[in-house]
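Asks: have a look at this prediction, sequence included:
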Amino acid sequence: MSGSKVRDPSLAGEGRLKIEWAERHMPVLMLLRSRYAQSKPLAGLRISAALHVTKETAVLVRTLRDWGATLFLVPSNPLSTQDDVAAALAEEGITVEAWRGMSEQEYFSAIRDAARQAPDIVIDDGADLHVTIHEEMPEVGKRVIGGNEETTTGIIRLRAMESAGKLLYPIIAVNNALTKYLFDNRYGTGQSSIDGILRATNVLLAGKRVVVAGYGWVGRGIANRARGMGARVIVTEVDPIRALEAVMDGFDVMSMEEAAKVGDVFITATGDRDVITKEHMMLMKDGAILANAGHFNVEVSVSDLESIAVSKREIRPNTVEYTLPNGRKLYLLAEGRLINLVAAEGHPSEVMDMSFANQALAVLYHVNNRGKLRPGVYEVPREQDEEVARLKLETMGIHIDRLSPAQEEYLRSWR
Ligand code: ADE
């Protein structure tokens, strides 16, 4: 088990089957895996990765291992680990320190252990590992070749570090690849957040008033999926342009204060804190359901809910009933953490295929450009994005047209 700490090693068999299922649905990453399995471009390199420990992450980790790297895997959220997958990876000799339900302290202890490996490459989802290395172990950071960041929230943190002149190594904003956020953030989170709400509650969405806070890519995905299931969707926004888009996409748009009075199900997807506070909670209808799809558990103010509630009980797995002083009951899902990863299995493999193909190729990019990139946040090269899109279409058996020379010439000409 090579120093792994997992919940239950006997779950490895179930984990292996899950990973096999994911591999079947991640053809681009599998193709890349075999492309470099012989040449082993990562031989001798250590990679520390803080990612949700899911079957899809396992496919990425196996790929990097097959390319020659030694991996240390920790979670990027205390509640998102799939224990069977963690057990399977540990059994294969990949070092994993992750189990579902870690305390905050255990979580950060795992993050620190990942930092202590003196990694050559750092892969992160949310930037807790990057920030820990920079704040607590700068000597480790100084010898990192490069890092990747998977998510919008993490990139916001890293850009702030870059502006403050604090970054110690180059970081590729994998999230910003078109073949990542246009699909993963929108279709992946859209479907899996609804999936999480349904697994937690099994309520009927048709006819319900579903309030989506935030109309970024994630919010758009959720709003459209909810509408597709017959929900009457309300969007709340702070950005006037996005709000207008939501209106013209056919959604009702209003303030959270107004939405609070009419909503049946609330889903936050803003990346910011205090989107739903006790003032909103006190306006809500009896039975309202609260869930969060953003990276951190700060969007629904759980501390507000805890402070105003007169009692609480777990009524179903991932569903806690809070009774308010006005006698109404609110239902908080997944402790206000990422609903799609806590109550369901995260994004489906088909979209993680593109996200993690980008992760793997970004690792290669760092290695191929070793010593050439200054500390900073870098976008994914356009050629990489197009390569991932091309491979994805190819594996889906979809052919597209090519410009004829005459068409190319026409586009180049101003006449
Ligand atoms: N983030 C969202 N969904 C995920 C998944 N299935 N695996 C890893 N990270 C994710």
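Replies: It's in.
Asks: residue contacts, whatever residue of the chain ends up closest to the ligand?
Replies: Nearest residue of the chain to the ligand, counting by C-beta to the nearest ligand atom: residue 346, 2.8 Å away. For the C-beta atoms, the positions are set from N, CA and C on the backbone; glycine is no exception. Neighbour list for residue 346: 52, 54, 56, 80, 188, 192, 340, 352 [criterion: C-beta atoms under 8 Å, 6 or more residues apart in numbering].
Asks: now residue 260
Replies: Per C-beta under 8 Å, 6+ apart, neighbours of residue 260: 211, 266, 276, 280, 281, 283, 284.
Asks: what does the pLDDT read for the closest residue to the first one other than its chain neighbours?
Replies: In other words, residue 211. Computed as C-beta to C-beta, 6 or more residues apart in numbering, the closest residue to residue 211 that is not its neighbour in sequence is residue 263, at 3.8 Å. What the model reports as pLDDT for residue 263 is 98.
Asks: residue 263 contacts residue 213, correct?
Replies: No - with contacts counted by C-beta atoms under 8 Å, residue 263 stays clear of residue 213, the gap being 9.9 Å.
Asks: now name the helix or strand holding residue 313.
Replies: Element membership for residue 313, per DSSP states H and E: strand 311-316.
Asks: residues contacting the residue nearest the centre of the chain?
Replies: Taking C-alpha atoms, centre = their mean, the centroid of the chain lies closest to residue 151, which sits 5.9 Å from it. Taking C-beta under 8 Å, 6+ apart, we find residue 151 in contact with 125, 126, 175, 295.
Asks: from these, which land in helices?
Replies: Among the contacts of residue 151, no residue falls in helices (DSSP state H).
Asks: list, one by one, the residues from the stretch 51-200 of the chain near the ligand.
Replies: 51, 52, 54, 56, 57 (C-beta under 6 Å from any ligand atom).
Asks: what number of residues lie near the residue nearest to the last one when sequence neighbours are not counted?
Replies: The shortest distance from residue 57 to any residue that is not its chain neighbour, by C-beta to C-beta, 6+ apart, is 4.6 Å, and that residue is residue 51. When neighbours are counted by other C-beta atoms under 10 Å, residue 51 registers 26.
Asks: one step back: separation between the residue nearest to the centre of the chain and residue 295?
Replies: 6 Å (C-beta to C-beta, to the nearest Å).
Asks: mind listing the strands for the stretch 251-400 of the chain?
Replies: Taking DSSP state E, counting those that start in this stretch, the strands of the stretch 251-400 of the chain run over residues 252-253, 265-268, 289-292, 311-316, 319-323, 329-333, 376-379.
Asks: partner strands of the longest one, parallel or antiparallel?
Replies: Looking back up the chat, that one is strand 311-316. strand 319-323 (antiparallel) (DSSP bridges).
Asks: orientation of the partner strand relative to strand 329-333 in degrees?
Replies: 150 degrees (axes from the mean of the first three to the mean of the last three C-alpha atoms, to 10 degrees).
Asks: does anything pack onto whatever helix or strand residue 86 lives in? Which helices or strands?
Replies: According to DSSP H and E, residue 86 maps onto helix 83-91. Packing partners of helix 83-91 (3 or more C-beta pairs under 8 Å, 6 or more residues apart in numbering; DSSP states H and E): helix 12-24, helix 55-66, strand 95-96.
Asks: any idea of the mean pLDDT for it?
Replies: 98.
Asks: equivalent analysis for stretch 8-17, please.
Replies: 98.
Asks: what's the answer for stretch 272-287, then?
Replies: 98.
Asks: pull out the buried positions in it.
Replies: 275, 276, 277, 278, 280, 281, 283, 284 (16 or more other C-beta atoms under 10 Å).
Asks: what strand or helix carries the closest residue to residue 362 other than its chain neighbours?
Replies: In space, and not counting its chain neighbours, residue 362 is closest to residue 172: 4.3 Å by C-beta to C-beta, 6+ apart. Secondary structure from DSSP H and E places residue 172 in strand 170-173.
Asks: so what strands line up beside that strand?
Replies: Partners of strand 170-173 in the sheet, by DSSP bridges, are strand 146-149 (parallel), strand 376-379 (parallel).
Asks: any idea how far that strand is from the chain center?
Replies: Remark: strand 170-173 is offset 17 Å from the chain centroid, using C-alpha atoms, centre = their mean, to the nearest Å.
Asks: ok, stretch 362-379 next?
Replies: The answer for stretch 362-379 is 22 Å, by C-alpha atoms, centre = their mean.
Asks: can you count the residues close to the spatially closest residue to residue 88 that is not a sequence neighbour?
Replies: Of all residues not flanking residue 88 in the chain, residue 15 sits nearest, at 3.0 Å (C-beta to C-beta, 6+ apart). Neighbours of residue 15 under the rule other C-beta under 10 Å: 25.
Asks: quick one: residue 15 from residue 250, how far?
Replies: Distance from residue 15 to residue 250, by C-beta to C-beta: 42 Å.
Asks: isn't residue 106 up against residue 78?
Replies: Yes - using C-beta under 8 Å, residue 106 is in contact with residue 78, at 7.4 Å.
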